[in-house]
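[1] Return atomic coordinates for the entry below.
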Amino acid sequence: MSVHTTQVRLARRPQGLPDEHTWEVTETVLPSPKQGQFVVAVDHISLDPAMRRWLNDVRSYVPPVGIGEVMRAPATGTVTESRHPDYAVGDAVSGWFGVTEHALSDGEGVTHIDTGLAGPPTWLGALGLPGMTAWFGLFDVGRLQDGETVVVSGAAGAVGSVLGQLAKAHGCRVVGIAGGPEKCAWLRKIGFDEAIDYKADNPLERLRETVPEGIDVFFDNIGGDILDAGLANLRRGARVVICGAISAYNAEKLPEGPRRYMSLVVSRASMTGFLVLDYEDRYPEAIEGINEMIRTGRLFARETIVSGGVRAFPEALLGLFHGINTGKLVLEV
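    The predicted structure follows:
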C-alpha cells in the first residue's frame, strides 16, 4: 500500500553556510513496492561534514545533489513492506535512504544490521561509514605500526574518536586536536594520551611541545592551519592521511593550500587522500574488528542524537559545523 512521507529537498545551492532558503520540506506519497522493491521506515539519519560538499555543483567523487532532489544521507530503518526476496518485513537495515521518513528501495547499497549488537545510531557511527573510515584510513592508508605516534584532528568527532581508540589498542601514543575543554577532557577519558584545544592553544606550538619526537601518522579531518601544524611536526617516513577539510567546506572562495608541504620532502613523508567507499567490499572485516573492541570494552562508541524528525534536519546540519556533537551526530526520526 502507498505511504505518506515527509522529505527534505534541496531548493537552492548555498553560498557559505546553508540557510532557510537552501531547503524545501515536502509531503509526498510513496507508491507500493514493485517486484524487487521494499519500503523502509527510517528511524535515524546520519549528519556528516561531507553533506556540505554534496550541495556544490562541482566535480567530486559523487554527483552533487540535484535541485529538487531529496537530500542524500545514510540512514537506518525497518522494512515495513517488501516484494524483495532478500528483505523481509521487520528487517533492520541501513542504506542511502536520504532525509525522509520513508524510502522506497531496490536494495542497492542497503545492508542488514544487527540491532542486538548495537543500536541504530552506532550503525551510523562506529559500525557505519565513520568507523570504516577510521579503520581503513589508519591501517591501510596510514600503514600504522604498533607503538607509533598518531595525531588526529577533529578528534572528538565520529571518525577521529574511533581512530584514536584504534591506535591506542595498538600501543600507540595518541594526541587528539579538538575544539573546547569538554571535548578535550572526553578524549582523555576514552584513552587519548593528550588533547590539544585549538580554540585556546596554538596547535603548531602545542604539537611541538606534546610530540617533540615527531608524528608518524597524522590523520586530518580539518585542513587549513591545523594541517599546516601537523606538516610542521612530522617524523621521518611519516604518513599524512587526508580524510576531510571541514574548515573549508563553507568557504565562499577556494582557500589557500597547505604552506608547509615541503616538510614532506624534509621528512621523506607521504600525504595521501582516500575515500572509504573504495573499501566497501571489506567493510565486514572492519565491522567485526570494531564490534569486538566495543564488546570487550576497548572502544567506546558515542553518539549525539538530535530529536525533531526530518523537519529538524536543516538546523541539525548547521549544528555539525558549530561543533555541537561529541562523537557521531545523528538525527532521530
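[2] quick one: the residue nearest to Val306 when sequence neighbours are not counted and Pro33, what's the gap?
    Spatial nearest neighbour of Val306, chain neighbours left out: Ala316 (4.5 Å); criterion: CB to CB, 6 or more residues apart in numbering. Where C-beta positions appear, they are placed from N, C-alpha and C, glycine not excepted. Distance, Ala316 to Pro33, using CB to CB, to the nearest Å: 29 Å.
[3] Likewise for Leu331?
    Counting by CB to CB, the gap between Leu331 and Pro33 amounts to 25 Å.
[4] Val333 too?
    20 Å.
[5] The residue nearest in space to the middle of the chain: helix or strand, and which one exactly?
    By CA atoms, centre = their mean, the chain has its centre lying nearest to Pro130, at 4.2 Å. If you go by DSSP states H and E, Pro130 is part of helix 129-136.
[6] Next SSE downstream of that helix?
    Following helix 129-136 in sequence, per DSSP H and E, is strand 149-153.
[7] can you pull the contacts of Asp91?
    Neighbour list for Asp91: Thr78, Val79, Ser82, His112 [criterion: CB atoms under 8 Å, 6 or more residues apart in numbering].
[8] Let me fix that, I meant to ask about Pro64.
    Contacts of Pro64 by CB under 8 Å, 6+ apart are Trp54, Leu55, Asn56, Asp57, Val58.
[9] Can you tell me which of those residues are buried?
    For these, a burial check counting by 16 or more other CB atoms under 10 Å picks out Trp54, Leu55.
[10] now, which of the contacts of Pro64 lie within helices?
    Counting by DSSP state H, the part of these found in helices is Trp54.
[11] Let me have the contacts of Pro64 in TSV, extended by distance to Val8 and pLDDT.
    Converted to TSV, these look like this (distance: CB to CB, whole Å; pLDDT from 0 to 100):
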residue	distance to Val8	pLDDT
Trp54	13	96
Leu55	12	96
Asn56	18	94
Asp57	19	92
Val58	21	88
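[12] Looking at the contacts of Pro64, which is nearest Ser161?
    Closest approach between those and Ser161, by CB to CB: Trp54, at 23.2 Å.
[13] Following the chain onward from the helix or strand containing Val29, which element is next?
    Using DSSP H and E, Val29 maps to strand 23-30. Sequence order places strand 38-46 as the next helix or strand after strand 23-30, per DSSP H and E.
[14] rewinding a little: identify the spatial nearest neighbour of the residue nearest to the centre of the chain, chain neighbours not counted.
    Pro130 sits nearest to Ala158 (CB to CB, 6+ apart), 3.6 Å away.
[15] what does the domain assignment say about the protein?
    3-125+302-332, 129-277 (automatic domain parsing).
[16] still on that earlier bit, contacts only, for the residue nearest to Val306.
    Neighbouring residues of Ala316 by CB under 8 Å, 6+ apart: Leu47, Val306, Gly308, Leu329, Leu331.
[17] next one: Arg72
    Arg72 touches Met51, Trp54, Val62, Val65, Trp96, Gly98, counting by CB under 8 Å, 6+ apart.
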